[in-house]
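Asker: next input, structure requested:
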Amino acid sequence: MTIFDWLNEISYNKTPWFSFTEKDQESFNRYMINRFISMKSDYIDIVNLVQKYPLSDKNLYNFYCKTIPKKKTFFRYIKPKKSKMNSLLVSILAQDLNISEREIKDNQHLISKNLSKSILQQRGIDEKQIKKILK
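Answerer: This next block holds a predicted model:
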């Protein structure tokens, strides 16, 4: 069974644990189940509560089946928004701002394009290359 089959079982079908084959039971991935269920804002507190206690897969499945209402539910997986900075830009900014490249990457959302552009212009880089670097 896939993660989506398990989520469907928990939220809609509510099939008893003992009716699954041993192979199906082994495919139960508690980490991914918790992760997907926690993406639904209504269930964040439930997942937070459950993760504090060491439950078996059977008990976790039963708990979710009894706690989550029976209805078709889409558990949207929320991906982080990450944009990669040009490595040349990272190294130039790190040198100019006297901080590490890791700090530049971690705080790239705080660095405006205008600041980056002005630093590149001060370095004597032409407009075509600046546009390419800032892409």
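
Asker: need the residues that contact stretch 124-133.
Answerer: 86, 88-89, 117, 120-121 (C-beta atoms under 8 Å, 6 or more residues apart in numbering). Heads up, the C-betas are built off the backbone N, CA and C, glycines and all.

Asker: need those residues in TSV (columns: distance to Ile133).
Answerer: Output for the contacts of stretch 124-133, formatted as TSV (distance: C-beta to C-beta, whole Å):
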residue	distance to Ile133
Asn86	5
Leu88	6
Leu89	5
Lys117	9
Leu120	6
Gln121	11
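
Asker: of these - the most surrounded one?
Answerer: Leu120 (22 neighbours; other C-beta atoms under 10 Å).

Asker: host element of that one?
Answerer: helix 113-122 (DSSP states H and E).

Asker: list the buried residues of that helix.
Answerer: Buried positions in helix 113-122, judged by neighbour count with 16 or more other C-beta atoms under 10 Å: 116-117, 119-120.

Asker: which helices and strands does it pack with?
Answerer: The helices and strands touching helix 113-122, judged by 3 or more C-beta pairs under 8 Å, 6 or more residues apart in numbering; DSSP states H and E, are helix 87-97, helix 127-134.

Asker: distance from the chain centre to it, please.
Answerer: Helix 113-122 sits 31 Å away from the centroid of its parent chain (C-alpha atoms, centre = their mean, to the nearest Å).
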